[in-house]
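# with the input below, show me the fold.
(one chain, ligands or ions: 2)
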Amino acid sequence: MLLDGQSLEGHLPYTGTWLSTPAITTAETKVPTGPSTWSRIESNIGFWAPIIFMALICIVLWRTMKLMPRTKPQQIKPESKSSIGWAEVAGADEAKAELQEVVEFLREPDRFAKLGATVPKGILLHGPPGTGKTLLAKAVAKESGAEFFSQSAAAFVEMFAGLGAARIRRLFAEARAHRPAVIFIDEIDAVGGERGSDNNSEREQTLNQLLVEMDGFNSTGDLVVIAASNLLDKLDSALLRPGRFDRQIFVSPPDVSGRAAILKVHTRNKPLGDVDLELTARQTAGLTGADLANLANEAAIAAARAHRDKIVQHDFDSALERVVAGMQSRRTLNEHERRVVAFHEAGHALCAELLPGVNRVHKISIVPRGRALGYTLNLPEEDRYLKTREELIDYMTVLLGGRAAEEIVFGAITTGASDDLRRVAEISRSMVHEYAMGTSITSLQVSAEGGAVSDRTRQLRDEEQQHLTDEAMRGAARLITDHRDKLDTLAGALLRNEVLERRDIDRIMDGVPRLYRSPGHGLRVVASRRTR
Ligand SMILES: Nc1ncnc2c1ncn2[C@@H]1O[C@H](COP(=O)(O)OP(=O)(O)OP(=O)(O)O)[C@@H](O)[C@H]1O
Ligand SMILES: [Mg+2]
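Ligands and ions are numbered 1, 2, ... in the order given. Okay, here's the model as predicted:
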């Protein structure tokens, strides 16, 4: 121990230097500087490392942000005046009549306001795809002279919660500033689905904002919201209540006169030769406006490819085939496969020619098209809205006629009937589940959608479905064995010519009566009476 003032002499082994220190404090300070530098560096590192680390993170973040796609908030402004007016929309007469009212409200709001009438705030156009909903909304904008703000609802769904709602707010604010205006929200199902059905809080916020905005403007008649959707049942009920989209207009696929009118609209600027649009309209039951527009275009392409300067009926026929059955494919079949396909198609055609409840055959072909190796086109001659049980069974019989023919002629069945079988399953399913057209299920809808179904009902449903398809299969087999000679003639002609038109079929089936059903008896009666 050293007292103050005493000195210490000694040798520090690790430095090799002699020290002479007056006191312990000085002795300590005179210890060589090696370890203290280290500790200083250490403490420096302790101080700087987090700062450098943070700076590195900032640089990395900054670089990543630079690489991210930049999305500027989309500008919302009225669309330039569209060229689509009432004249461009054909066939949808009911929808047009309802929208006409809105156009008048927008044109002369005062006339209605004087009488205390309020304009419907929201109009919801719903219906299958391609029936002209978007087209109708554009026509309203043009005819009313109002500004047209069109947004697809999908554009409101953003990655970050709150952005969609903000866009809705801006959309309504802009539209209010440009009154009179029409806001059109296309494909509203993207945000308008039932709330609580999924956990997408962004979508729900957007929908809530839309509900708030629709409450927020008073109906002075100069701002109207039109929305379009394919699925009305999926929309949130709050959207559909009075005061919001209280007017719902169903835009249905066109009827025969509607189809003729749509074909006229779409052939207005095309040079037509000898074309019967009424005939084409009759052959296209079930097609929508978009299909018909496509048909007219395909016909023009067919005429151009054949170097004609006018479109003729044949172009429409081949376009229809292309639209209904798909493009001709280059698959080549071997001889046996061709025979199987020919008998398969002849089986369909024979059943369709004999049964009373189905459409006549328009054309049979064994030229592969789309996914089909051959096809039989049955085109309806009129629009039908109701079908009887017998007609549906007849239709299934025609569908199964192909497979029955294969089985009877070759004793083996092939995979070629898969599409027919799928359709048979669909029809028999709806017959039992939805329409109660079974043998014991005749007064009760037993589809599972409406609620739980007991095991016994489920089993009964399956059995009923099986009965129906068995009945159709037996019918098809009977028709084919009874008219085997005609089946062979049809198949032979198909193998030679590949395609049979209506007149060829008429020639082959000449003298064979179409069956008829005696009234009052649900059964199909095999009797010989000519109905043609
Ligand atoms: N009634 C119609 N009159 C004339 N053309 C029509 C009609 N309906 C549809 N079309 C044609 O079909 C195209 C598509 O129609 P539109 O976009 O309006 O269908 P949509 O009902 O909005 O379909 P989606 O539900 O798929 O949005 C139109 O551009 C037009 O060429
Ligand atoms: Mg649309």
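
# for the residue in the stretch 51-200 of the chain positioned nearest to ligand 1, give me phi and psi.
Residue nearest to ligand 1 within the stretch 51-200 of the chain (CB to the nearest ligand atom): Gly132, separated by 2.7 Å. Backbone N, C-alpha and C define where each C-beta goes, glycine included. Main-chain dihedrals, Gly132, degrees, to the nearest 10: phi 110, psi 30.

# pull the contacting residues for the residue nearest to it when sequence neighbours are not counted.
Of all residues not flanking Gly132 in the chain, Gly289 sits nearest, at 4.6 Å (CB to CB, 6 or more residues apart in numbering). Applying CB atoms under 8 Å, 6 or more residues apart in numbering to Gly289 gives the contacts Ala90, Gly91, Ala92, Gly130, Thr131, Gly132, Leu135, Pro253, Pro254, Ile262.

# tell me the confidence at the first one?
Model confidence at Ala90, given as pLDDT, is 87.

# what residues does it make contact with?
Residues near Ala90 by CB under 8 Å, 6+ apart: Pro254, Gly258, Ala261, Ile262, Lys264, Val265, Gly289.

# repeat that for 7 Å
Gly258, Ala261, Ile262, Lys264, Val265 (CB atoms under 7 Å, 6 or more residues apart in numbering).

# helix or strand: which one has it?
Using DSSP states H and E, Ala90 falls within no helix or strand.

# hmm, back to that, format the contacts of Gly289 as JSON lines; extra columns: distance to Asn497.
JSON lines is the format used below for these (distance: CB to CB, whole Å):
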{"residue": "Ala90", "distance to Asn497": "38"}
{"residue": "Gly91", "distance to Asn497": "37"}
{"residue": "Ala92", "distance to Asn497": "41"}
{"residue": "Gly130", "distance to Asn497": "35"}
{"residue": "Thr131", "distance to Asn497": "38"}
{"residue": "Gly132", "distance to Asn497": "40"}
{"residue": "Leu135", "distance to Asn497": "42"}
{"residue": "Pro253", "distance to Asn497": "34"}
{"residue": "Pro254", "distance to Asn497": "35"}
{"residue": "Ile262", "distance to Asn497": "34"}
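
# and which of the residues you listed is nearest Asn297?
Closest approach between the contacts of Gly289 and Asn297, by CB to CB: Ile262, at 12.6 Å.

# in this structure, which helix is the longest?
Longest helix in the chain, counting residues (DSSP state H): helix 34-67.

# report the buried residues of it.
Neighbour-count burial for helix 34-67, counted by 16 or more other CB atoms under 10 Å, picks out no residue.

# now that helix: average pLDDT?
On average, helix 34-67 scores 83.

# after it, heading C-terminal, what element do we hit next?
Counting by DSSP H and E, what follows helix 34-67 is helix 93-107.

# by contact count, what packs against that following helix?
helix 133-144 (3 or more CB pairs under 7 Å, 6 or more residues apart in numbering; DSSP states H and E).

# same thing but at 8 Å, please
In terms of contacts (3 or more CB pairs under 8 Å, 6 or more residues apart in numbering; DSSP states H and E), helix 93-107 is packed against helix 109-114, strand 122-126, helix 133-144, strand 223-229, strand 247-250.

# can you redo the ones you listed as TSV with mean neighbour count?
Below are the helices and strands packed on helix 93-107 laid out as TSV (neighbours: other CB atoms under 10 Å):
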stretch	mean neighbour count
helix 109-114	14
strand 122-126	25
helix 133-144	23
strand 223-229	26
strand 247-250	18
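
# can you add distance to Val424 and mean pLDDT and give these back as CSV?
Shown next, in CSV, are these (distance: least, CB to CB, whole Å; pLDDT from 0 to 100):
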stretch, distance to Val424, mean pLDDT
helix 109-114, 54, 78
strand 122-126, 30, 88
helix 133-144, 33, 87
strand 223-229, 32, 87
strand 247-250, 30, 86
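
# so which of the ones you listed is nearest Ile57?
Per CB to CB, nearest to Ile57 of the helices and strands packed on helix 93-107: strand 223-229, 45.6 Å.

# list the contacts of the following helix or strand past the closest one.
Downstream of strand 223-229, the next assigned helix or strand under DSSP H and E is helix 237-240. Contact partners of helix 237-240, identified using CB under 8 Å, 6+ apart, comprise 124, 188, 192, 194-195, 207, 210-211, 232, 244-246, 248.

# who are the packing partners of the helix or strand Ala173 falls within?
Following DSSP H and E, one finds Ala173 within helix 163-177. Counting by 3+ CB pairs under 8 Å, 6+ apart, the packing neighbours recorded for helix 163-177 are strand 147-152, strand 181-186, helix 201-216.

# would CSV of these with mean pLDDT be doable?
Converted to CSV, the helices and strands packed on helix 163-177 look like this (pLDDT from 0 to 100):
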stretch, mean pLDDT
strand 147-152, 84
strand 181-186, 86
helix 201-216, 77
